[in-house]
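Undergrad: Structure for this input, please:
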Amino acid sequence: MNAKGQRYLITGCSGAGKSSLLNELSGRGFITSQEPGRQIVKEQIAAGGDALPWQDKIAFGRLLADATIASFDAMLGQEGPVFFDRGAPDIFAWFDQIGERIPAKALQALQAISYNSPVFLAPPWQEIYRQDEERPKPFSEAMQEYEMIIRRLEQTSSKLAILPRASICERADFIEDCLS
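TA: Okay, the predicted model is just below:
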């Protein structure tokens, strides 16, 4: 199997274990790209900025779109599978959720981003959901976000692979089984 250019998306509900799963995949030697959203939130909090998902949603979305595009572009040409923690469908879902249009300069680049099938989907998992400084929203809002992501994914031709509600190791095994 030629692994060059294989780009896989791991998306789904906030707080459903995506980042922990990416850390496990990285530990197994896979190339991963972390979620830009949490980094943006950390930077905005540290700088006293208001481009936060609970303050200036449009500014946050713009930063998120730019970071997602940059993250994807940075991984072009990598050998072996690359796993992304969130991606273009999440950006479309964000702007759907806030009732705004994606900025024109980002729209074309986001539309050009494509992932290999399957797209790995982390379903809502209330038992592991945790609110923190970077994720203050309640689980009910995470569910709304998830529904918007599902709607966006339904508009693509990507096959979905629902991650099991299982340990991080079992989830990583599931992904490796899907790739073989």
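Undergrad: Below-threshold pLDDT in the chain: ranges please.
TA: For the chain, residues meeting the criterion pLDDT under 70 lie at 1-4.
Undergrad: quick one, strands of it?
TA: 7-12, 31-33, 82-85, 119-122, 160-162 (DSSP state E).
Undergrad: quick one: the spatially most central residue of the chain and Leu163, what's the gap?
TA: The structure's the chain has its C-alpha centroid closest to Arg86; by CA atoms, centre = their mean the separation is 1.0 Å. According to CB to CB, to the nearest Å, Arg86 and Leu163 sit 14 Å apart. C-beta coordinates here come from the backbone N, C-alpha and C atoms, glycine included.
Undergrad: Now do the shared contacts for those two.
TA: Ile10 (CB atoms under 8 Å, 6 or more residues apart in numbering).
Undergrad: And the helices in the chain?
TA: Assigned by DSSP state H, the helices in the chain fall at 18-27, 36-47, 57-74, 88-98, 104-112, 139-154, 168-179.
Undergrad: From the rest of the structure, what touches the third one?
TA: Judged by CB under 8 Å, 6+ apart, the contacts made with helix 57-74 from elsewhere in the structure are 7, 33, 36-37, 39-40, 44, 50-53, 84, 86-88, 90-91, 94-95, 98, 100, 102-103, 106, 109-110, 113.
Undergrad: among those, which ones are buried?
TA: 7, 33, 36-37, 40, 44, 51-53, 84, 86-88, 90-91, 94-95, 102, 106, 109-110, 113 (16 or more other CB atoms under 10 Å).
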